[in-house]
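Undergrad: Quick one: sequence and predicted model below, then my questions.
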Amino acid sequence: MRLVMASNAAVLETERRTSNIETAVRTRAVSRRVNPLAIHEAPTEGAKCCQRAERSALAAAVARRGKLHVCMKRGIDTLGAAILLAALALPMLLVALLIRVTSRGPVLYKQERVGLNGRPFTLLKFRTMRCDAEHSTGPVWASKNDPRRTRLGAVLRRWSIDELPQLVNVLRGEMSLVGPRPERPPFVRKFSDDLPEYALRHGVLPGLSGWAQLNGFRGDTSLVKRLDHDLYYIRNWSLPLDLYIIALTPLCIVTEKNAC
(Lines give C-alpha, C1' and ligand atoms only; values in the text may rest on other atoms or scores of the structure.)
Protein backbone atom coordinates (compact mmCIF):
# COMPACT_ATOMS: atom_id res chain seq x y z
CA MET A 1 0.00 0.00 0.00
CA ARG A 2 2.81 2.43 0.87
CA LEU A 3 4.54 1.63 -2.40
CA VAL A 4 1.35 2.35 -4.35
CA MET A 5 0.83 5.65 -2.50
CA ALA A 6 4.45 6.64 -3.10
CA SER A 7 4.13 5.76 -6.79
CA ASN A 8 0.93 7.81 -7.11
CA ALA A 9 2.59 10.75 -5.36
CA ALA A 10 5.52 10.57 -7.78
CA VAL A 11 3.17 10.52 -10.78
CA LEU A 12 1.25 13.52 -9.45
CA GLU A 13 4.47 15.45 -8.84
CA THR A 14 5.67 14.69 -12.40
CA GLU A 15 2.33 15.83 -13.84
CA ARG A 16 2.48 19.03 -11.76
CA ARG A 17 5.96 19.87 -13.04
CA THR A 18 4.96 19.11 -16.63
CA SER A 19 1.91 21.34 -16.26
CA ASN A 20 4.08 24.18 -14.92
CA ILE A 21 6.48 23.82 -17.82
CA GLU A 22 3.71 23.77 -20.43
CA THR A 23 2.13 26.85 -18.81
CA ALA A 24 5.47 28.68 -19.03
CA VAL A 25 5.85 27.63 -22.67
CA ARG A 26 2.37 28.88 -23.56
CA THR A 27 3.07 32.15 -21.75
CA ARG A 28 6.31 32.58 -23.69
CA ALA A 29 4.58 31.78 -26.99
CA VAL A 30 1.83 34.32 -26.32
CA SER A 31 4.30 37.02 -25.31
CA ARG A 32 6.31 36.39 -28.46
CA ARG A 33 3.23 36.81 -30.65
CA VAL A 34 2.04 39.91 -28.81
CA ASN A 35 5.39 41.68 -29.02
CA PRO A 36 7.58 40.21 -31.79
CA LEU A 37 9.97 43.15 -31.52
CA ALA A 38 10.98 41.88 -28.08
CA ILE A 39 13.33 39.40 -29.74
CA HIS A 40 15.81 42.23 -30.20
CA GLU A 41 15.77 43.22 -26.53
CA ALA A 42 18.17 41.93 -23.89
CA PRO A 43 16.53 38.87 -22.26
CA THR A 44 15.30 39.40 -18.71
CA GLU A 45 15.62 36.80 -15.97
CA GLY A 46 11.97 35.89 -16.53
CA ALA A 47 12.57 35.43 -20.25
CA LYS A 48 15.61 33.25 -19.56
CA CYS A 49 13.50 31.15 -17.19
CA CYS A 50 10.84 30.72 -19.89
CA GLN A 51 13.50 29.75 -22.43
CA ARG A 52 14.82 27.09 -20.06
CA ALA A 53 11.27 25.88 -19.45
CA GLU A 54 10.62 25.65 -23.19
CA ARG A 55 13.82 23.70 -23.75
CA SER A 56 12.82 21.33 -20.95
CA ALA A 57 9.31 20.92 -22.36
CA LEU A 58 10.59 20.14 -25.84
CA ALA A 59 13.23 17.75 -24.50
CA ALA A 60 10.50 16.00 -22.50
CA ALA A 61 8.27 15.82 -25.59
CA VAL A 62 11.06 14.19 -27.60
CA ALA A 63 11.94 11.82 -24.76
CA ARG A 64 8.32 10.64 -24.45
CA ARG A 65 8.48 9.18 -27.95
CA GLY A 66 9.23 5.51 -27.69
CA LYS A 67 11.63 3.65 -29.94
CA LEU A 68 8.64 2.10 -31.69
CA HIS A 69 7.32 5.51 -32.80
CA VAL A 70 10.79 6.62 -33.91
CA CYS A 71 11.26 3.40 -35.91
CA MET A 72 7.81 3.78 -37.45
CA LYS A 73 8.57 7.37 -38.51
CA ARG A 74 11.86 6.26 -40.02
CA GLY A 75 10.09 3.39 -41.78
CA ILE A 76 7.50 5.75 -43.28
CA ASP A 77 10.29 8.11 -44.38
CA THR A 78 12.28 5.34 -46.07
CA LEU A 79 9.31 3.67 -47.73
CA GLY A 80 7.72 6.96 -48.78
CA ALA A 81 10.96 8.37 -50.23
CA ALA A 82 11.68 5.14 -52.14
CA ILE A 83 8.16 5.03 -53.62
CA LEU A 84 8.25 8.70 -54.61
CA LEU A 85 11.68 8.39 -56.20
CA ALA A 86 10.54 5.37 -58.23
CA ALA A 87 7.30 7.09 -59.29
CA LEU A 88 8.98 10.40 -60.15
CA ALA A 89 12.15 9.02 -61.75
CA LEU A 90 11.16 9.86 -65.34
CA PRO A 91 9.82 13.37 -64.58
CA MET A 92 12.96 14.10 -62.57
CA LEU A 93 15.11 12.90 -65.46
CA LEU A 94 13.20 15.22 -67.79
CA VAL A 95 13.75 18.15 -65.42
CA ALA A 96 17.47 17.33 -65.30
CA LEU A 97 17.67 17.35 -69.12
CA LEU A 98 15.82 20.68 -69.32
CA ILE A 99 18.20 22.26 -66.82
CA ARG A 100 21.17 20.96 -68.79
CA VAL A 101 20.02 22.38 -72.13
CA THR A 102 18.60 25.71 -70.89
CA SER A 103 21.44 27.03 -68.73
CA ARG A 104 25.10 26.54 -67.98
CA GLY A 105 26.18 24.70 -64.89
CA PRO A 106 25.44 21.49 -62.98
CA VAL A 107 21.97 19.96 -62.81
CA LEU A 108 22.09 19.52 -59.04
CA TYR A 109 22.87 22.26 -56.54
CA LYS A 110 24.56 21.08 -53.36
CA GLN A 111 24.27 23.30 -50.32
CA GLU A 112 25.32 22.92 -46.68
CA ARG A 113 22.40 22.93 -44.25
CA VAL A 114 22.08 22.39 -40.50
CA GLY A 115 20.41 19.14 -39.48
CA LEU A 116 19.70 17.03 -36.42
CA ASN A 117 21.58 18.17 -33.29
CA GLY A 118 23.15 21.02 -35.28
CA ARG A 119 25.17 18.70 -37.51
CA PRO A 120 25.75 19.99 -41.06
CA PHE A 121 24.81 17.92 -44.10
CA THR A 122 24.74 18.43 -47.87
CA LEU A 123 21.25 19.19 -49.14
CA LEU A 124 20.41 18.39 -52.77
CA LYS A 125 18.26 20.54 -55.05
CA PHE A 126 17.71 21.01 -58.74
CA ARG A 127 19.67 24.12 -59.70
CA THR A 128 17.30 27.04 -60.26
CA MET A 129 19.70 30.01 -60.26
CA ARG A 130 22.72 31.20 -62.15
CA CYS A 131 25.99 29.57 -61.10
CA ASP A 132 27.36 32.96 -59.97
CA ALA A 133 24.20 33.89 -58.02
CA GLU A 134 26.11 34.59 -54.78
CA HIS A 135 29.57 35.23 -56.19
CA SER A 136 29.66 38.90 -55.21
CA THR A 137 27.16 38.95 -52.35
CA GLY A 138 27.73 35.81 -50.31
CA PRO A 139 24.73 33.98 -48.80
CA VAL A 140 21.53 35.89 -49.57
CA TRP A 141 17.95 35.01 -48.63
CA ALA A 142 15.84 34.24 -51.72
CA SER A 143 13.13 36.81 -52.43
CA LYS A 144 9.93 37.02 -54.44
CA ASN A 145 10.71 37.25 -58.17
CA ASP A 146 14.41 36.81 -57.39
CA PRO A 147 16.38 38.09 -60.43
CA ARG A 148 19.02 35.41 -59.93
CA ARG A 149 16.62 32.67 -61.02
CA THR A 150 16.78 31.12 -64.46
CA ARG A 151 13.58 31.11 -66.50
CA LEU A 152 13.12 27.38 -65.89
CA GLY A 153 14.21 27.82 -62.29
CA ALA A 154 11.32 30.20 -61.61
CA VAL A 155 8.86 27.48 -62.65
CA LEU A 156 10.63 24.79 -60.63
CA ARG A 157 10.65 26.94 -57.49
CA ARG A 158 6.99 27.94 -57.86
CA TRP A 159 5.90 24.30 -57.82
CA SER A 160 8.63 23.11 -55.39
CA ILE A 161 9.95 20.71 -58.04
CA ASP A 162 13.48 21.85 -57.20
CA GLU A 163 13.10 20.14 -53.77
CA LEU A 164 12.52 16.62 -55.15
CA PRO A 165 16.21 15.54 -54.99
CA GLN A 166 15.93 15.88 -51.21
CA LEU A 167 14.15 12.51 -51.29
CA VAL A 168 17.73 11.18 -51.51
CA ASN A 169 18.54 13.08 -48.29
CA VAL A 170 15.55 11.34 -46.70
CA LEU A 171 16.82 7.91 -47.78
CA ARG A 172 20.23 8.77 -46.32
CA GLY A 173 18.64 9.53 -42.97
CA GLU A 174 19.69 13.20 -43.10
CA MET A 175 16.09 14.43 -43.46
CA SER A 176 12.55 13.29 -42.81
CA LEU A 177 9.50 13.65 -45.04
CA VAL A 178 8.07 15.96 -42.34
CA GLY A 179 9.91 18.32 -40.01
CA PRO A 180 11.22 21.89 -39.72
CA ARG A 181 12.85 23.04 -42.92
CA PRO A 182 16.68 23.07 -42.69
CA GLU A 183 18.54 26.35 -43.07
CA ARG A 184 22.07 27.35 -44.04
CA PRO A 185 24.67 27.84 -41.27
CA PRO A 186 25.00 31.66 -41.71
CA PHE A 187 21.23 32.08 -41.43
CA VAL A 188 21.04 29.69 -38.47
CA ARG A 189 23.62 31.77 -36.60
CA LYS A 190 21.74 35.00 -37.34
CA PHE A 191 18.33 33.60 -36.46
CA SER A 192 19.66 32.03 -33.26
CA ASP A 193 21.06 35.41 -32.19
CA ASP A 194 17.62 36.99 -32.69
CA LEU A 195 15.60 34.06 -31.37
CA PRO A 196 17.37 31.90 -28.76
CA GLU A 197 14.67 29.23 -29.14
CA TYR A 198 15.57 28.80 -32.82
CA ALA A 199 18.18 26.13 -32.03
CA LEU A 200 15.44 23.96 -30.52
CA ARG A 201 14.36 23.12 -34.07
CA HIS A 202 17.45 20.95 -34.37
CA GLY A 203 16.14 18.47 -31.81
CA VAL A 204 14.45 16.56 -34.65
CA LEU A 205 15.34 15.72 -38.24
CA PRO A 206 14.65 18.53 -40.72
CA GLY A 207 11.86 17.83 -43.18
CA LEU A 208 10.97 18.01 -46.84
CA SER A 209 7.65 19.50 -45.76
CA GLY A 210 6.48 20.81 -42.40
CA TRP A 211 3.73 22.28 -40.25
CA ALA A 212 4.97 25.83 -40.85
CA GLN A 213 5.00 25.34 -44.64
CA LEU A 214 1.52 23.80 -44.54
CA ASN A 215 0.29 26.96 -42.82
CA GLY A 216 1.85 29.26 -45.40
CA PHE A 217 5.08 30.21 -43.60
CA ARG A 218 7.83 29.62 -46.12
CA GLY A 219 10.09 31.86 -48.16
CA ASP A 220 10.08 35.52 -47.17
CA THR A 221 7.53 35.26 -44.32
CA SER A 222 7.53 35.91 -40.56
CA LEU A 223 10.41 34.08 -38.88
CA VAL A 224 8.69 34.31 -35.49
CA LYS A 225 5.50 32.67 -36.74
CA ARG A 226 7.49 30.03 -38.60
CA LEU A 227 9.37 29.19 -35.42
CA ASP A 228 6.11 29.03 -33.45
CA HIS A 229 4.76 26.47 -35.91
CA ASP A 230 7.99 24.44 -35.91
CA LEU A 231 8.02 24.24 -32.11
CA TYR A 232 4.32 23.34 -32.09
CA TYR A 233 5.12 20.43 -34.41
CA ILE A 234 7.96 19.21 -32.19
CA ARG A 235 5.82 19.40 -29.04
CA ASN A 236 2.82 17.67 -30.64
CA TRP A 237 4.47 15.25 -33.03
CA SER A 238 2.55 12.08 -33.83
CA LEU A 239 2.30 9.69 -36.77
CA PRO A 240 -1.24 10.90 -37.61
CA LEU A 241 0.07 14.50 -37.69
CA ASP A 242 2.88 13.46 -40.06
CA LEU A 243 0.42 11.65 -42.35
CA TYR A 244 -1.90 14.68 -42.27
CA ILE A 245 0.93 17.00 -43.34
CA ILE A 246 2.06 14.58 -46.08
CA ALA A 247 -1.48 14.26 -47.42
CA LEU A 248 -2.08 18.03 -47.57
CA THR A 249 1.35 19.04 -48.93
CA PRO A 250 0.35 18.67 -52.64
CA LEU A 251 -2.68 20.92 -52.06
CA CYS A 252 -0.46 23.38 -50.20
CA ILE A 253 1.93 23.53 -53.19
CA VAL A 254 -0.95 24.21 -55.61
CA THR A 255 -2.32 27.08 -53.49
CA GLU A 256 1.08 28.41 -52.39
CA LYS A 257 1.51 32.19 -52.55
CA ASN A 258 4.90 32.63 -50.86
CA ALA A 259 7.13 30.41 -53.03
CA CYS A 260 10.21 32.27 -54.23
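TA: That came through fine.

Undergrad: Would you check how far apart the closest residue to residue 111 other than its chain neighbours and residue 106 are?
TA: Here the nearest residue to residue 111 in space, its sequence neighbours aside, is residue 123; by C-beta to C-beta, 6 or more residues apart in numbering that works out to 5.1 Å. In short, each C-beta sits where N, CA and C put it, glycine included. Separation of residue 123 from residue 106 (C-beta to C-beta, to the nearest Å) stands at 14 Å.

Undergrad: got the contact list for residue 134?
TA: Taking C-beta atoms under 8 Å, 6 or more residues apart in numbering as the definition of contact, the neighbours of residue 134 are residue 140.

Undergrad: Now do the phi/psi pair for it.
TA: Here is the backbone geometry of residue 134 (degrees, to the nearest 10): phi -120, psi 20.

Undergrad: What values do phi and psi take at residue 110?
TA: Backbone torsions of residue 110, given as degrees, to the nearest 10, read phi -110, psi 130.

Undergrad: ok, so what distance separates the closest residue to it other than its chain neighbours from residue 108?
TA: Nearest residue to residue 110 in three dimensions, chain neighbours excluded: residue 122, at 5.1 Å (C-beta to C-beta, 6+ apart). Distance from residue 122 to residue 108, counting by C-beta to C-beta: 10 Å.

Undergrad: which parts of stretch 120-138 are buried?
TA: By 16 or more other C-beta atoms under 10 Å, the buried positions in stretch 120-138 come out as 121, 123, 124, 125, 126, 127, 128, 129, 130, 133.

Undergrad: can I assume the fourth one sits in a strand?
TA: Yes. Checked against DSSP: H, G, I helix; E, B strand; the rest coil, residue 125 lies within a strand.

Undergrad: Bridged to it, which residues?
TA: For residue 125, the beta-bridge partners are residue 109 (DSSP bridges).

Undergrad: who are the neighbours in contact with it?
TA: Contacts here follow C-beta under 8 Å, 6+ apart; on that basis residue 125 touches 108, 109, 111, 162, 163, 165, 166.

Undergrad: hmm, back to that, if we only consider the buried residues of stretch 120-138, which is nearest to residue 245?
TA: Sorting the buried residues of stretch 120-138 by distance to residue 245 puts residue 123 at the head of the list, at 19.4 Å, by C-beta to C-beta.

Undergrad: Do you know the pLDDT at the closest one?
TA: pLDDT recorded at residue 123 is 98.

Undergrad: show me where the protein has helices.
TA: Remark: helices of the chain, listed N- to C-terminal, are 2-34, 45-63, 67-87, 89-102, 151-158, 166-172, 185-194, 211-214, 223-235, 239-255; assignment by DSSP state H.

Undergrad: can you tell me which of these the model trusts least?
TA: With a mean of 43, helix 2-34 has the lowest mean pLDDT of the helices of the chain.

Undergrad: now, which of the contacts of residue 125 sits nearest residue 75?
TA: When the contacts of residue 125 are compared for distance to residue 75 (C-beta to C-beta), residue 166 comes out closest, at 18.4 Å.

Undergrad: Verify the stated contact: that closest one with residue 124.
TA: Yes. Residue 166 lies in contact with residue 124 (C-beta atoms under 8 Å); the separation is 5.9 Å.

Undergrad: residues near residue 241, how many?
TA: Burial measure for residue 241: 14 neighbouring residues, criterion other C-beta atoms under 10 Å.

Undergrad: cool, and residue 209?
TA: As a measure of burial, residue 209 has 24 neighbours, counting by other C-beta under 10 Å.

Undergrad: What separation do you get for it and residue 72?
TA: Applying C-beta to C-beta to residue 209 and residue 72 gives a distance of 18 Å.

Undergrad: One more: residue 98?
TA: Distance, residue 98 to residue 72, by C-beta to C-beta: 37 Å.

Undergrad: repeat for residue 117
TA: Here the distance between residue 117 and residue 72 works out to 21 Å (C-beta to C-beta).

Undergrad: Which one's more surrounded, these two?
TA: In this comparison of residue 117 against residue 72, neighbours counted by other C-beta under 10 Å, the higher total goes to residue 72 at 14 against 10.
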